[in-house]
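1. my questions are about this predicted structure, shown below with the sequence.
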Amino acid sequence: MDLAHRIQRSFKPRFAVIYPFGLFVMFFCSLDADSLKAGIGWIIAGMLIRLWSNGYAIKNDKLTTSGPYAFVRNPLYLGTFLIALGFVIVLKSDPRIIEWVAGGIFILALGVMYYRTIKGEQGMLLEKFKDAYSDYCRQVPAMIPCFIPYSKGEKWAFDLGRLINSKEHKPVFWITILLVVFYLKDQLLIKHLPMNESSWTLIGMAVTLILLDVAYECNKKKFQTK
């Protein structure tokens, strides 16, 4: 992805929602053990759905109906939405009412953005795949998974190379790093607790993930498969 494409992607509507919320939480929010326990399940579920989905997705070339796509048409968006919901639950502010109002506005705005995005993509996919996509839409929900998998369409197995090419490890790394940062912010800057073995372990984990990401970027041609 070149610089121009990165800049263009940064101004997509959903990022226009995510970035302001990100700035807000960086300045006004943190997390503790209790809030982490309350919301971490949503974040993990969202990340796992996205990892699962990227092992099947063949974007633009084929109508993907395998894996999670047999249960929901937009599993990547569903995963992102669950991660966002998890962050709204995990993060806390003082007073809490600010957090819940900002979080509610964020989830609502993200929902509207995804609704518009899905509607736009449906038109493109319908034009490309015609009756096959129409039938798929009739039987598979857009965002809420169904219980009976879609049996029609071409099927293929999970592909680790496809997952690697998707670079989905990067959001997993940086979500983990963000959780560490917010936790240390609460412990060190808000509660003024001293550094302990747990704090150093978390810092070491975050630094390791950053170095792994940098190493990948420097050697990504070796990791990516055709």
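-> Here it is on my side, so go on.

2. just checking, what packs against the helix or strand encompassing V214?
-> Assigned by DSSP states H and E, V214 belongs to helix 197-218. Applying 3 or more CB pairs under 8 Å, 6 or more residues apart in numbering; DSSP states H and E, one finds that helix 197-218 makes contact with helix 169-184. For the C-beta atoms, the positions are set from N, CA and C on the backbone; glycine is no exception.

3. next one: the helix it packs on to chain centre, how far?
-> Between the centre of helix 169-184 and the centre of its chain there are 12 Å (CA atoms, centre = their mean, to the nearest Å).

4. buried residues, it. List them.
-> 169, 171-173, 175-184 (16 or more other CB atoms under 10 Å).

5. touching stretch 42-49 from outside, list them.
-> Stretch 42-49 is contacted by residues 68, 75-76, 78-87, 89-90, 171-172, 175, 179 when judged by CB atoms under 8 Å, 6 or more residues apart in numbering.

6. go again using 6 Å as the cut-off
-> Outside stretch 42-49, the residues within contact range by CB atoms under 6 Å, 6 or more residues apart in numbering are 75, 79, 82-83, 85-86, 172.

7. which ones among these lie within helices?
-> 75, 79, 82-83, 85-86, 172 (DSSP state H).

8. out of the buried residues of helix 169-184, who's nearest M143?
-> Comparing the buried residues of helix 169-184 against M143 with CB to CB places P171 closest, at 19.0 Å.

9. same list (the ones in helices among the contacts of stretch 42-49) but as a markdown table, adding pLDDT.
-> Shown next, in a markdown table, are the ones in helices among the contacts of stretch 42-49 (pLDDT from 0 to 100):
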| residue | pLDDT |
| --- | --- |
| P75 | 96 |
| G79 | 96 |
| L82 | 95 |
| I83 | 94 |
| L85 | 92 |
| G86 | 93 |
| V172 | 93 |
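
10. what is the most widely separated pair among those residues?
-> Based on CB to CB, the longest span within those runs between L85 and V172 and measures 17.0 Å.

11. what is the nearest of the contacts of stretch 42-49 to K152?
-> The nearest member of those to K152, counting by CB to CB, is P75 at 17.5 Å.

12. so the closest one sits against P68, correct?
-> Yes - contact criterion CB atoms under 6 Å: P75 and P68 qualify, at 3.9 Å.
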